[in-house]
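Engineer: Next input, structure requested:
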Amino acid sequence: MLRKAAGFLLKFKVSLIVLALAVAGIWYWNSTRGFDDHAMASIPQYDDVDERSILADQDIKSRLEPSYLKYVRALEQEGAKDSTGFHLSIPSTAYAAVSSNGTAVKSDLDGRDGDVLVLEEEDSWVEYAVDIPEDGFYQFAMSYYALQGKRSAIVRNIQIDGEFPFFQSKKMEFQRMWREAGPTTKDNQGNEFNPRREEVFGWQYREFRDAEGKVSEPFRYYLTRGKHIIRINAMREPAAIGDFEVFSPVHIPTYAELLGQYEQQDYKQTKGHFIKLQAQESTLRSDPTLRRVEDREPATEPLNPKAITLNTFGGDAWRKGGQWAEWEFEVPESGLYNIGTRFGAWFLNGIPIERMVMIDGKVPFKEMNHAKFPFKQGWQMHSLTDRDEEYLFYLEEGKHTLRLEVQVGSLGEVFENVLDTTNKISLLSREILQITGTNPDPNRDWKLEGNIPNLVPRIHLMARAIDDAMNMLYDFGVPRGSSEISTLGEARDQLIAMASKTESIPSRLASMTDMQSSLGLWVNGLSTQSVIVDYFLVKSVDQPWPKAEAPVLNRIGMTAMDFLYSFTKDYTGIGNIYDDDEVIDVWVARGRDWVQIIKQMVDEDFTPETGIKVNVNVIPAGAMQLLLLAQTSGLAPDVALGVEGEVPIDFAVRGGLVDLSTFDDYGEVAQRFRPGALIPYRYNGGNYALPETQNFSMLFYRTDIMEELGVSEEDIPETWEEVMNLIPLLQQNGMDFFYPHAANAPSNAVNEFAPFLFQRNGELYRDEGKYSDLDSHEALEAVKMWTGLYTNYKIDKQADFYNRFRTGEMPIGVADYTTYVMLSTAAPELTGWWKMQPIPGLKQSDGQINRSTGGLGQTAVMFNSAENKDAAWKFMSWWTGADAQERFGSELESLLGVEARWNTANVEALTRLPWQTEDIDAVLEQWEWFREREVVLGGYYTTRHIANIWNEIVLNGVIPREAIENGVREINKELRKKREEFGDDYLSGDVTNTGEGAKQ
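Structural biologist: This is a model prediction of the structure:
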């Protein structure tokens, strides 16, 4: 036996050695793949190092208001304390001053006796005079009534004696109230759909809090003894003020203190009660995006294994600070109860989720300011608590309300640490750039330690700040090794490596920029915390908690059942599916949530008005090849929505689409859009699509930084010449201008180039698309200006504009409307410090500035195979109308939030959506110059070679004319090839040249 074993080992010794090494390698990798928690052990402690950057005086952040945490910390270090015993309530009409425009007085509003003041318009304001009895911190609150508006939250800001004490005071949200307009509905497949949400109008009371929920308590404002003027400015949406209140900070008791009160008042635990509240039946919510969602775990209630059941609440949509939902319940006797919930908190790896818990409108004890929902990949049954202890809640017999509000206050200091470090990295990289320039020689010793004071200690302190943030997360309950901490670990280790080898820093400048972006994105990601809830339990202590998950066999059975049903279930059909002959089929290349709104609108509006039934099917966004396959196989729909802008002509030339201009009212329908928006959909005298969406670019700029640089509002660049005059000033101050260049998306190059061409009245093609016109004088000058931004003015070829705009490194630049949405929703510290205006242009001979640009959007098309073309046209006409587009945009924003704002091509509908007045005015001014590019056969070569021209000039140093001639030659070959392929009749003439660079 031993001999056999020895023989076996000898025979397979190599294999066994390899296997052993592999196992050892895997073990070693697994044991070291996390970050070294002792990485800072060898880093010295610094007590008196001057971290101040030599650019600190130029740092624009020093001009911005401090954060709330810094504001309070600084005052407390000076000895400031909470005031006591003061409460002042001022009726809204007892103001000291009010704006002359945009305000009104209403009487007996919704049951409230007397007059109240209404701030109706943006930039209206009211001031209240208060006489403060002692120095100290005070809190503010007000009762308010949200009036009919554009469905957004009420936004106000607060100034004390003409100043904003901290930047969060510049944007505070006061939510509206929403409820479901009726019961859920089901289609003829048994699938359940969310009802529409309708606004509930009524008086509300709210303390002044952080709009992002990053501070768990109401704001405390420091006021000195004496008189002060407090101004409330209207930023968005109309609302009435009932009373404005100033009072000493309210101290909520801890649970231990409350338990002592329970004992003093002899409150007893109840027995035998078990009350279940289905979370999907929320009675009120702050946001129409909060809705029912589906879950397929067998223990989730209720469950229909054959169809979609909306059996839970929250999920991805319930993630932003300040969002709340409320439930009503009734208890049969007074006494002490446990309150808990079945929930899922698997959205952030290892990160516990927090909610503020209110019962009957009040936080019952301090710990409920931040009730924790621990992370787990699966459902949990847990009492409402911030620790392992189960809390008792005293409830009087009768009805009560339970409210949960998103807040991430426990992480506020972590976020602040990281963002402060990001700013320090930004300043340090600018100091280095002043020494090395933007393209430093990697072989030169720049002697940075001698030129930058305290370089190594400063980098070590940055690394320690990030390490402190990691330790705070561990204390918060995040497990070591969580992927959510990897960004911090990588940044810390990079900084340590830089400090240990300072001569490598110039070659790491790009890494420093990437580090800033990744840290900014990390903060944004963790600021949104989702949780999904199945039900709440209000129970007596003697009642056991139910199990959170179904037994394993049940879950396996449900998985098997779902798999079997997948063979018969139609996943593409949305809502009611009809088999009638008199029905039109519509395919939509968008997400399922978007398509469900369209189907709901069709069933509620279009079909009742016209009697035309519509089957709506969803196909993957961008999957245009499915439409081509459907057409060639004879299975094309009647109408397709969400069709990419370059696709209609490809189908039209093959005879696959209907010429929409053959319908009598086409001209009337076309008036809904900017004339330039229809250019890409014209072919051979016909019009083959209607635009649904319209992208557009704007010039964004930081007003604070521009002012610091001596650039007034009137001096913000209106032309490209003025931009080029500004760039040196920016770069002298370690900043830069941004113009988009998507290196990994060459299809975007034509849109990046188009403004420079169109503003010269140039064209991409001539002779009705037979030849490229990129060899024209106008195109040559456009290419020189476009590429010159990178070759002559050395602006960054690629950058994260959003984050670098926030840090101030790129205080001005051109970007599309999605940047507007991000800055409006995710950059609260910049509130009031940025604006946008139409993009720069070229001055014409008449003195007018030509700002022409395009932004190819998505379209609606009708296939030639449609049997009932009149019905299909009625649908397209209805869908692109102002009423339908406004409702869809509003419903979409209600469902998915302002991030999903619908960039409709319908001009009237765009003005109805909830834009701020100044912003929509700027957008409409830009739209006056909207001009889309022509789409022709073989035009994809134009897109490809414009990207190549940029690469050749900017990256390879080729002169512009040579790069253009090479590109035009290839483009013309492809244009001719395509027209020969489809046999256009112009080729039967006596055109004998190849068209390579020739002008006819």
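
Engineer: In contact with the residue nearest to residue 253 when sequence neighbours are not counted, which residues?
Structural biologist: Nearest residue to residue 253 in three dimensions, chain neighbours excluded: residue 365, at 5.5 Å (Cβ to Cβ, 6 or more residues apart in numbering). All C-beta atoms are positioned from the backbone trio N, CA, C, and that covers glycine. When contacts are counted by Cβ atoms under 8 Å, 6 or more residues apart in numbering, residue 365 touches 252-255, 257-258, 391.

Engineer: Now the buried members of these.
Structural biologist: Applying 16 or more other Cβ atoms under 10 Å to these, the neighbour count classes 252, 255, 258, 391 as buried.

Engineer: For the host helix or strand of residue 699, which strands pair with it and how are they oriented?
Structural biologist: In the assignment (DSSP states H and E), residue 699 maps to strand 697-702. Note on strand 697-702: by DSSP bridges, its sheet partners are strand 812-816 (antiparallel), strand 834-837 (antiparallel).

Engineer: Report pLDDT for the residue lying closest to residue 316 once chain neighbours are set aside.
Structural biologist: Distances taken as Cβ to Cβ, 6+ apart place residue 530 nearest to residue 316, at 5.3 Å, with adjacent residues excluded. The model reports residue 530 with a pLDDT of 93.

Engineer: Could you point out the longest helix of this protein?
Structural biologist: Ranked by residue count, the top helix of the chain under DSSP state H comes out as helix 412-436.

Engineer: would you list the contacts of residue 365 in TSV and tack on secondary structure and pLDDT?
Structural biologist: As requested, the contacts of residue 365 are exported to TSV (DSSP: H, G, I helix; E, B strand; the rest coil; pLDDT from 0 to 100):
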residue	secondary structure	pLDDT
252	coil	94
253	coil	95
254	coil	95
255	helix	95
257	helix	95
258	helix	95
391	coil	95
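
Engineer: dump the residue contacts of residue 917.
Structural biologist: Residue 917 neighbours (Cβ under 8 Å, 6+ apart): residue 122.

Engineer: Helix or strand for residue 755, just tell me which one.
Structural biologist: Assigned by DSSP H and E, residue 755 belongs to helix 749-758.

Engineer: for the helix or strand just after that helix, packing partners?
Structural biologist: Using DSSP H and E, the helix or strand that follows helix 749-758 in sequence is strand 765-766. Packing partners of strand 765-766 (3 or more Cβ pairs under 8 Å, 6 or more residues apart in numbering; DSSP states H and E): strand 771-772.

Engineer: 7 Å - rerun?
Structural biologist: Here strand 765-766 touches no other helix or strand, going by 3 or more Cβ pairs under 7 Å, 6 or more residues apart in numbering; DSSP states H and E.

Engineer: ok, residue 476 - how many residues close by?
Structural biologist: 15 (other Cβ atoms under 10 Å).

Engineer: let me redo that: residue 302
Structural biologist: By other Cβ under 10 Å, 10 other residues sit near residue 302.

Engineer: hey, C-alpha coordinates of stretch 150-162 in PDB?
Structural biologist: Only the C-alpha atoms of stretch 150-162 are listed here, as PDB (Å, rounded to 0.1, in the frame of the first residue of the first chain):
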ATOM      1  CA  LYS A 150     -44.900  72.000 -11.200                       C
ATOM      2  CA  ARG A 151     -45.000  69.000  -8.800                       C
ATOM      3  CA  SER A 152     -41.500  69.700  -7.400                       C
ATOM      4  CA  ALA A 153     -40.600  70.200  -3.800                       C
ATOM      5  CA  ILE A 154     -40.700  73.700  -2.300                       C
ATOM      6  CA  VAL A 155     -37.200  75.200  -2.200                       C
ATOM      7  CA  ARG A 156     -36.300  78.100   0.100                       C
ATOM      8  CA  ASN A 157     -33.100  79.600   1.500                       C
ATOM      9  CA  ILE A 158     -32.400  81.500   4.600                       C
ATOM     10  CA  GLN A 159     -30.200  84.600   5.200                       C
ATOM     11  CA  ILE A 160     -29.500  86.100   8.600                       C
ATOM     12  CA  ASP A 161     -28.700  89.800   8.500                       C
ATOM     13  CA  GLY A 162     -28.000  89.500   4.800                       C
END
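
Engineer: Off-centre distance for it?
Structural biologist: 21 Å (Cα atoms, centre = their mean, to the nearest Å).

Engineer: Could I have the CA atoms of stretch 430-447 written out in CSV?
Structural biologist: Extracted in CSV, the C-alpha atoms of stretch 430-447 (Å, rounded to 0.1, in the frame of the first residue of the first chain):
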residue,chain,number,x,y,z
ARG,A,430,-2.2,72.9,-9.0
GLU,A,431,0.9,73.7,-7.1
ILE,A,432,2.8,70.9,-8.8
LEU,A,433,1.5,72.1,-12.2
GLN,A,434,2.9,75.5,-11.6
ILE,A,435,6.3,74.0,-11.2
THR,A,436,6.2,71.2,-13.8
GLY,A,437,3.8,72.5,-16.4
THR,A,438,1.0,70.3,-17.9
ASN,A,439,3.4,67.9,-19.7
PRO,A,440,6.3,67.4,-17.3
ASP,A,441,9.4,65.6,-18.4
PRO,A,442,9.3,62.2,-16.5
ASN,A,443,13.2,61.9,-16.6
ARG,A,444,13.8,65.2,-14.9
ASP,A,445,14.1,65.6,-11.1
TRP,A,446,11.8,68.5,-10.3
LYS,A,447,12.9,68.8,-6.7
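
Engineer: Check which residues of it are buried.
Structural biologist: With burial defined by 16+ other Cβ under 10 Å, the residues of stretch 430-447 counted as buried are 430-433, 436, 440, 446.

Engineer: Adding pLDDT and distance to residue 421, write the residues you listed out as CSV.
Structural biologist: Formatted as CSV, the buried residues of stretch 430-447 follow (pLDDT from 0 to 100; distance: Cβ to Cβ, whole Å):
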residue, pLDDT, distance to residue 421
430, 80, 15
431, 84, 15
432, 85, 16
433, 80, 19
436, 83, 22
440, 79, 23
446, 83, 23
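
Engineer: Wait, the residue nearest to residue 316 touches residue 313, no?
Structural biologist: No. Using Cβ atoms under 7 Å, residue 530 makes no contact with residue 313, being 11.4 Å away.

Engineer: Name the residue in the two with the higher neighbour count.
Structural biologist: Comparing residue 530 with residue 313 by other Cβ under 10 Å, the one with more neighbours is residue 313, at 27 against 19.

Engineer: now what about the longest helix of the chain, what contacts it?
Structural biologist: For helix 412-436, the external contacting residues (Cβ atoms under 7 Å, 6 or more residues apart in numbering) are 53-55, 59, 61, 67, 69, 214-215, 446, 448, 451-452, 458, 462, 465-466, 468-469, 472-473, 505-506, 509, 512-513, 515-516, 519-520, 522-523, 527, 734, 807, 809.

Engineer: After it, heading C-terminal, what element do we hit next?
Structural biologist: Next element after helix 412-436 (DSSP H and E): helix 448-451.

Engineer: just checking, next helix/strand downstream of that next one?
Structural biologist: Using DSSP H and E, the helix or strand that follows helix 448-451 towards the C-terminus is helix 455-476.

Engineer: if we look at that following helix, which residues are touching it?
Structural biologist: 40, 43-44, 46, 49, 51, 352, 410-411, 413-414, 417-418, 420-421, 424-425, 428, 448-449, 480, 485, 488-489, 491-492, 495-496, 498-499, 502.

Engineer: rerun at 6 Å
Structural biologist: Contacts to helix 455-476, defined as Cβ atoms under 6 Å, 6 or more residues apart in numbering, come from residues 40, 43, 46, 49, 51, 414, 417-418, 421, 424, 448-449, 485, 488, 491-492, 495-496, 498-499.

Engineer: Taking helix 455-476 as reference, get the angle to whichever helix or strand comes after it.
Structural biologist: Next along the chain after helix 455-476, taking DSSP H and E as the criterion, comes helix 486-500. If you take axes from the mean of the first three to the mean of the last three Cα atoms, to 10 degrees, helix 486-500 sits at 160 degrees to helix 455-476.
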